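Novice: Predicted model, plus sequence, below.
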Amino acid sequence: MSQLIGDIALRIIIAGSIIIVTYFISNYTRLSLERILSKFGASFAKRIAEISRCFILLIGVVVAISVLSLDVTAISIIAIIISLLVLISARDIVLNLASELYIVMRRPFRENDQIKVGDVEGMVRSIRALDTEIVTYDGEVVIVPNSYFLKYPVINKSQSIVRNIELKLIFPGRKFEEIKPVVQEILSELKPELFGEPEILSINEMEDKVEAFISLPIVNVRKLKWLAAKITKSLLSRGIEVEIE
């Protein structure tokens, strides 16, 4: 009996020692990873470091339980099965975190870039741990899991060749003096959506109308229809009708 009690006490001491050592190793690993990965962003480094710490603690707990068990083999098998189930259930989270690591290190795009990935195209509004928000040219907010960027090629329109597209705005029954400042305001509103400075090429007053020619620096010609609709809407909100050619 005394031998059995001594054996159990020894197992408890060893298991406790394993937990303590694992705790210090996990904290050291967390601090080291935060320092090494800090160049990729503090929040990203903290998440990866915390996941690594929890994984090391899990291993320590499994080993400690194995030491405490009278049937080491059986408890080890159960612990391995539980660990595998946890990893399988967290597969999507792991994939998204791996994708975030790819996005942080490779930097295929940044916030406010115009990108296309798969069937989704628009402006990157925010990049988070598990997903990325993209605002399409129709104004829809699409939440894209980061793992999506590992499956499809990313086209960064912000790093593509910029084209200056000319539009002709016709204002029936208007005068030069009232149209020029309005056109300047509209171009200022459009600037965040463009890839450079929009310009007024010319404004001419005819007998019964005013014609304005503007230049818009864009990458995706398909966005031109959306920009034209936005110009029309902005002018109508000011009580000004326009024809765009």
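Specialist: Ah, there it is.
Novice: who's in contact with the residue nearest to residue 21 when sequence neighbours are not counted?
Specialist: Nearest residue to residue 21 in three dimensions, chain neighbours excluded: residue 60, at 7.5 Å (CB to CB, 6 or more residues apart in numbering). Using the backbone N, CA and C atoms, a C-beta is placed for each residue, glycine as well. Shown in contact with residue 60 (CB atoms under 8 Å, 6 or more residues apart in numbering): 18, 19, 21, 22, 23, 25, 26.
Novice: cool, and residue 30?
Specialist: Contact analysis of residue 30 by CB under 8 Å, 6+ apart lists 49, 50, 52, 53.
Novice: ok, of those, which come out buried?
Specialist: Applying 16 or more other CB atoms under 10 Å to the contacts of residue 30, the neighbour count classes 49, 52, 53 as buried.
Novice: Which strand or helix spans the last one?
Specialist: Element membership of residue 53, judged by DSSP states H and E, is helix 42-68.
Novice: Could you confirm residue 241 falls within a strand?
Specialist: No: judged by DSSP: H, G, I helix; E, B strand; the rest coil, residue 241 forms no part of a strand; its state is coil.
Novice: Surely it and residue 172 touch.
Specialist: Yes: assessed by CB atoms under 8 Å, residue 241 is found in contact with residue 172 at 6.5 Å.
Novice: Strands along this structure, start to end?
Specialist: Here the chain has its strands, by DSSP state E, at 114-117, 120-127, 131-136, 141-145, 154-156, 163-172, 199-205, 209-218, 243-244.
Novice: Remind me what the second one packs against, helices and strands.
Specialist: In other words, strand 120-127. Helices and strands touching strand 120-127, as assessed by 3 or more CB pairs under 8 Å, 6 or more residues apart in numbering; DSSP states H and E, comprise strand 114-117, strand 131-136, strand 141-145.
Novice: Could you identify which of those strands is most buried?
Specialist: Ranked by mean neighbour count, these are led by strand 114-117 with a mean of 21 (mean count of other CB atoms under 10 Å).
Novice: residues in contact with that strand?
Specialist: Counting by CB under 8 Å, 6+ apart, 108-109, 121-124, 134, 144, 148-149, 152-158, 195, 219-220 sit against strand 114-117.
Novice: Lovely, talk soon.
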